[in-house]
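**Q** below: sequence and its predicted model.
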Amino acid sequence: MINELIEVQEYLNGENILKNECTFRMCYLMAKYYRDQGLSPLDIRKKIFSWGNQYGVYIVITVN
């Protein structure tokens with residue numbers, strides 16, 4: 001079984017990022033993580049795009 005919390009923490013640290021592959025899964029898991037932290041949908045969106053810019057991940061899916 002995959003531990004999603006560990007997976008998200010690795011993504012946030014720049015590890016195991018498959019650029020232009022599995023972006024939906026990465027964004028989905030990060031959105032769940034940030035929602036559980038109590039962030040608003042707008043703040044979650046900003047954090048995901050900031051993460052994408054930091055690690056060169058081009059996000060083509062909608063994260064609204």
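**A** Perfect, thanks for sending it.
**Q** which stretches of this structure form helices?
**A** Taking DSSP state H, the helices of the chain run over residues 4-12, 23-36, 41-55.
**Q** who touches residue 60 in this structure?
**A** Residues in contact with residue 60, defined by Cβ atoms under 8 Å, 6 or more residues apart in numbering, are residue 23. For the C-beta atoms, the positions are set from N, CA and C on the backbone; glycine is no exception.
**Q** ditto for residue 11
**A** Per Cβ under 8 Å, 6+ apart, neighbours of residue 11: 17, 26, 29-30, 51.
**Q** go with 6 Å
**A** Residues near residue 11 by Cβ atoms under 6 Å, 6 or more residues apart in numbering: residue 26.
**Q** likewise for residue 28?
**A** For residue 28, counting by Cβ under 6 Å, 6+ apart, there are no contacting residues.
**Q** gap between it and residue 59?
**A** Per Cβ to Cβ, to the nearest Å, residue 28 is found 12 Å from residue 59.
**Q** next one: residue 25
**A** With Cβ to Cβ as the criterion, residue 25 and residue 59 are 12 Å apart.
**Q** and those two? which has more neighbours close in?
**A** Using other Cβ atoms under 10 Å, the more surrounded residue of residue 25 and residue 59 is residue 59, with 16 against 13.
**Q** for the more buried one, report the pLDDT, please.
**A** We note a pLDDT of 83 for residue 59 in this prediction.
**Q** pull the number of nearby residues for the closest residue to it other than its chain neighbours.
**A** Sequence neighbours aside, residue 52 is the residue nearest to residue 59 in space, at 4.8 Å (criterion: Cβ to Cβ, 6 or more residues apart in numbering). For residue 52, the count of nearby residues is 19 (other Cβ under 10 Å).
**Q** same deal with residue 9?
**A** When neighbours are counted by other Cβ under 10 Å, residue 9 registers 12.
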